[in-house]
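**Q** okay, predicted coordinates and the sequence, questions at the end:
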Amino acid sequence: MKKLSLIVITVMFAFCHTLSAENLDELVDVSIYSNVKQIQIGSDFYVAIKLNVADEWHIYWKNPGDSGLPTEVKWTLPKGVEKVGDIIWQIPHRIEWSGMVNYGFEHDVYLIQKFKTIRSVELKSIDIKAEVSWLVCKEKCIPQSDKVSIKIAVDEMFEKSAESKIIQGLLATAPSTFKSVKSNFISGKEKLEVKLLDMPSEVAEVTDVYIISDGVTDNTVKTKIENKKNSAIAEFKLSPYLDEMPAELEMLILYQDKNGSSKSYETIINNK
Amino acid sequence: MKKLSIVLALMLFATTAMFASETAKVGSKAPEFTLKDTKGVEHKISDFAGKYVVLEWVNYDCPFVKKHYESENMQNLQREFTKKGVIWLSICSSAKGKQGNFTKSEIEKKRKDFKSAETAYLIDESGEVGKLYNAKVTPDMVIINPSQEVIYLGAIDNIPSTDKSDIDKADNYVLQALNSAMNGKTVKVKSSKPYGCGIKYSNK
């Protein structure tokens, strides 16, 4: 009996050991998709990079927060294909540990880029290459990168891809963009006050505000949000490392619409 | 009389506690601390009054620290400025059992392999000094002038990456601040958000 328990313990130990010994090269799995399988020249399409991050590990948003590095994509495009705007990011998670606050993603995250095709350039197919680089952290951090590519057929007929629905769903929940004209901010010695004086008409309540511009605010101090009729004020503590206040700030605003659904928009606000 | 001494003692305690919680800020006095180096020798910040002091938060296993050590960027800075009389203190705030916390012999071996040229490598396992200086990542740099005033706080340079090829393209804030200050000029960039790995502080 004693012998058996010893064997059981040994086997269990070996099993647990295998589970805990993570293969560091397999922490992040990268894949590439498009919403189209085949398109006509002259039309637009989307490409999504999916990063699947191992349990307990995380990668970073475009503003990584107190530590880390933003995840990056370098595209290699054929002649006649151009980017439209920047990467469309999903809403990041606030990751807190050891007195620090980071903005990033755990498990699955998609980075989506819109592309257009130029009518005057003839293409038989569209070959897109992406070099993706990221810093993956748990307690330790590892810089990694990977290359992925996708081929989209060019023909008279438009054909959706199998992943088209997923990409559409992600685009529907991604932050919209809004041009702020009246909104502004003022900064004191330690505080930053953002006045959202014009917002999309469907906003019922602002629930959170993230400053996308890196290094401006102290991420460890909770943002105070005061909702007023058709406007909101967000108060931040400035980062002790801020040397000079930028003239404009890029922000992500999370809100609830009049039906109670959670939505978001990105905007640029000037210091007036 | 007894009562008065108690009140005075309490007041004194309150003021020291207040000062102790005052963290480093550009333009303010450098918070006082004493830490031991790998040989057990104590180094007290106020003992270096009259000299420029650089504090460098280090974790040799962090990829951002490796970028600056494997390229010898950090050692070159250490060499250049210690030759000019600057006191360069590398501080490790990694808690016991966490990444970057090495035994004294391991530290000595790594320093030898890297040919590091700091004045001393200080051990801050409790993380108290790291927190006093608001250090969140490695590398994190602090420059103190001869009047013991903090004149620079933050990143080593302006390109946040782990890529060694970025070093030549970057503006090195530590080099710029030391050169300006030591030549009687104003320091242009006084602070910049440091980039790197989070410091592996103790969970306590």
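**A** Nice, thanks for sending it over. Numbering: from 1, shown residues only, chains lettered A, B, ... in the order given.

**Q** list the contacts of the closest residue to chain A within chain B.
**A** Closest residue of chain B to chain A, Cβ to the nearest Cβ: B:Lys193 (3.1 Å). For the C-beta atoms, the positions are set from N, CA and C on the backbone; glycine is no exception. Counting by Cβ atoms under 8 Å, 6 or more residues apart in numbering or on different chains, B:Lys193 touches A:214-215, A:239, A:241-242, B:154-155.

**Q** ok, now B:Tyr121?
**A** Contacts of B:Tyr121 by Cβ under 8 Å, 6+ apart are B:37-38, B:58, B:89-92, B:107, B:111.

**Q** for the residue most central in space within chain B, give me its contacts.
**A** Nearest to the mean C-alpha position of chain B, counting by Cα atoms, centre = their mean, stands B:Leu55 at 2.5 Å. By Cβ under 8 Å, 6+ apart, the residues touching B:Leu55 are B:89, B:91, B:133, B:141-144.

**Q** poorly predicted segments of chain A, please.
**A** Low-confidence segments of chain A (pLDDT under 70): A:1-22.

**Q** repeat the analysis, applying 50 as the threshold.
**A** Scanning chain A for pLDDT under 50 picks out A:10-20.

**Q** enumerate the residues of it near chain B.
**A** Taking Cβ under 8 Å from any Cβ of the partner chain, the part of chain A that reaches chain B is made up of A:66-69, A:97-100, A:102, A:135, A:137, A:139-143, A:214-215, A:239-243.

**Q** of the residues you listed, buried ones?
**A** With burial judged by 16 or more other Cβ atoms under 10 Å in any protein chain shown, the buried subset of the residues of chain A next to chain B is A:66-69, A:97-98, A:100, A:102, A:135, A:137, A:140-143, A:214-215, A:239-243.

**Q** which stretches in chain B count as strands?
**A** Here chain B has its strands, by DSSP state E, at B:34-37, B:42-44, B:53-57, B:87-92, B:120-123, B:137-138, B:140-144, B:150-154, B:191-192, B:197-198.

**Q** ok, and for the first one, which residues are buried?
**A** It stands for strand B:34-37. By 16+ other Cβ under 10 Å, the buried positions in strand B:34-37 come out as B:35, B:37.

**Q** looking at this, A:Asp25 is in a helix?
**A** Yes: counting by DSSP: H, G, I helix; E, B strand; the rest coil, A:Asp25 is part of a helix.

**Q** what's the closest non-adjacent residue to it?
**A** A:Gln144 (8.0 Å; Cβ to Cβ, 6 or more residues apart in numbering or on different chains).

**Q** does the one you found sit in a helix, a strand or a coil?
**A** What three-state DSSP gives for A:Gln144 is strand.

**Q** contacts only, for it.
**A** A:Gln144 neighbours (Cβ under 8 Å, 6+ apart): A:25, A:27-28, A:133-136.

**Q** next: A:Pro246.
**A** Going by Cβ under 8 Å, 6+ apart, A:Pro246 touches A:213, A:216, A:271.

**Q** can we see that at 10 Å?
**A** Neighbouring residues of A:Pro246 by Cβ atoms under 10 Å, 6 or more residues apart in numbering or on different chains: A:185, A:187, A:211, A:213, A:215-216, A:270-271.

**Q** wait, which of the residues you listed is closest to chain B?
**A** Distances from chain B to the contacts of A:Pro246, taken as Cβ to the nearest Cβ, are shortest for A:Gly215 (3.1 Å).

**Q** do I have it right that A:Trp237 meets A:Ile211?
**A** Quick fix: residue A:237 reads Lys, not Trp. No: taking contacts as Cβ atoms under 10 Å, A:Lys237 lies outside contact range of A:Ile211: 11.3 Å.

**Q** out of the two, which sits in the busier spot?
**A** A:Ile211 (24 against 16; other Cβ atoms under 10 Å in any protein chain shown).

**Q** for the more buried one, name its beta-bridge partners.
**A** Counting by DSSP bridges, A:Ile211 forms beta bridges with A:Met251.

**Q** so what's it up against?
**A** Listed by Cβ under 10 Å, 6+ apart, the contact set of A:Ile211 reads A:63, A:103, A:185, A:192, A:194, A:217, A:219, A:223, A:234, A:236, A:239, A:246, A:249-252, A:269.

**Q** rerun at 7 Å
**A** By Cβ atoms under 7 Å, 6 or more residues apart in numbering or on different chains, the residues touching A:Ile211 are A:63, A:217, A:236, A:249, A:251.

**Q** what's the farthest-apart pair in those?
**A** Longest distance between any two of the contacts of A:Ile211 is 12.8 Å, between A:Asn63 and A:Phe236; criterion Cβ to Cβ.
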